[in-house]
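Enquirer: Structure for the following, please:
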Amino acid sequence: MDKYQVYVPKLVSGREPMVSGHRACQGCAEVLAVRYVLKALGRNTIIANATGCMEIISSAFPSTAWEVPWIHVAFENAAAVASGVEAGLKVLMRKGRIPRKYVKAVAMGGDGGTSDIGLQALSGALERGHDMIYCCFDNEAYMNTGIQRSSSTPFGAMTTTSPPGKASFGQMTWKKNMAAIAAAHGIPYVATACSSYPFDLMEKVEKAKSIQGPAYIHILSVCPTGWRIPTDLAIRYGRLAVETGIFPLYEVERGKHRMTIDFPRLRPVLDYLQGQGRFRHLTPDLTEQIQKRVLEEYKVLKAKVEMGKAI
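Expert: Below is the predicted model of the structure:
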């Protein structure tokens, strides 16, 4: 039997750490990803959550959707706060102020709070070697504040600050490869994931939790509102992102790359681009340019995987 059909996260109790009643948009795949992450993390977890969609929808005073210790922090310093929590726990346990037990410090941020505003805090936390997990929930723009472009917005996508027109075709830069940037720090574990592949995602969180040292997980989180797609197709578009090679699923464990989901043949990127309102202006030439880039980057990734097998 496929291992992804039998995986069950180890919840401490029947009640999940992320509960219903929040204000996420209909069809939001990001809050689904958060739920999967917390199912795998369990309750011995402290969250530092950067300002963004997940903070806004989950913590409207006086209610909260979080059933684990949760700290709302500024856009730019989720990694800094989580690293401080991790260091503080060590000191308190060493001094006997709190019982010695396993507690995981976890930072959470969107693509803006990770690849843009929070990059220096994240880099510092990874470089210092804190025993923590950083989860980036990547919906590919600043969705919470009005769908502005980020460095994680894909080439050609329309946002409110990268509109197509006579002198522009939307986002004019290529998506920043945050997983590769994290891996370049030489940390023990890096992975990409997507809520459309829930068991792959939860297994990666379980692995990150079990590894001593910093871990980084980059999670594609489909946003029907910002991507201009029907709310019932969020899971489908997440799968298309993976099936076309636009967002490959892999892990880097102690420098060794491994594909966790792969295909004998990738689907054409047009299967993913069409139907999304943010790409409706793309010309055939731009689509072909994206196709060429995706195949080149996928080839580079597969070469890294083969190199790891040879070691």
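Enquirer: Check the gap between the most centrally placed residue in the chain and residue 186 for me.
Expert: For the chain, residue 219 is the residue whose C-alpha lies nearest the centre (Cα atoms, centre = their mean; 2.3 Å). Here the criterion is Cβ to Cβ, to the nearest Å. By it, residue 219 lies 22 Å from residue 186. Quick note: C-beta positions are derived from backbone N, CA and C, even for glycine.
Enquirer: Would you map the strands across the stretch 151-300 of the chain?
Expert: Counting by DSSP state E, counting those that start in this stretch, the stretch 151-300 of the chain has strands at residues 164-165, 168-169, 189-194, 215-220, 249-253, 256-261.
Enquirer: Can you tell me which of these is nearest to residue 44?
Expert: With Cβ to Cβ, the closest approach to residue 44 among those belongs to strand 215-220: 15.8 Å.
Enquirer: So what's the model's average confidence on the closest one?
Expert: Averaging pLDDT along strand 215-220 gives 98.
Enquirer: And that strand, what's buried?
Expert: Neighbour counts over strand 215-220 (16 or more other Cβ atoms under 10 Å) mark 215, 216, 217, 218, 219, 220 as buried.
Enquirer: Over to stretch 302-311?
Expert: Quick answer for stretch 302-311 (16+ other Cβ under 10 Å): 302, 304, 305.
Enquirer: Touching, the first one and residue 259? I think so.
Expert: So that's residue 302. Yes: using Cβ atoms under 8 Å, residue 302 makes contact with residue 259 at a distance of 7.4 Å.
Enquirer: returning to what we had before: would you reformat the buried residues of strand 215-220 as a markdown table and include distance to residue 169?
Expert: Shown next, in a markdown table, are the buried residues of strand 215-220 (distance: Cβ to Cβ, whole Å):
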| residue | distance to residue 169 |
| --- | --- |
| 215 | 37 |
| 216 | 31 |
| 217 | 31 |
| 218 | 26 |
| 219 | 27 |
| 220 | 23 |
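Enquirer: wait, which of those residues is closest to residue 76?
Expert: Of all these, the one with the least separation from residue 76 (Cβ to Cβ) is residue 216, at 16.8 Å.
Enquirer: wait, what's in contact with the closest one?
Expert: Residue 216 sits next to 122, 126, 133-134, 136, 178-179, 182-183, 187, 189-191 when contact means Cβ atoms under 8 Å, 6 or more residues apart in numbering.
Enquirer: same thing but at 7 Å, please
Expert: 126, 134, 182, 187, 190 (Cβ atoms under 7 Å, 6 or more residues apart in numbering).
Enquirer: Most neighbours among these, which one?
Expert: In terms of neighbour count, residue 134 stands highest of these at 31 neighbours, by other Cβ atoms under 10 Å.
Enquirer: Could you list every helix and strand that the helix or strand harbouring it packs against?
Expert: In this assignment (DSSP states H and E), residue 134 forms part of strand 132-138. Using 3 or more Cβ pairs under 7 Å, 6 or more residues apart in numbering; DSSP states H and E, the elements in contact with strand 132-138 are helix 29-41, helix 78-94, strand 104-110, strand 215-220.
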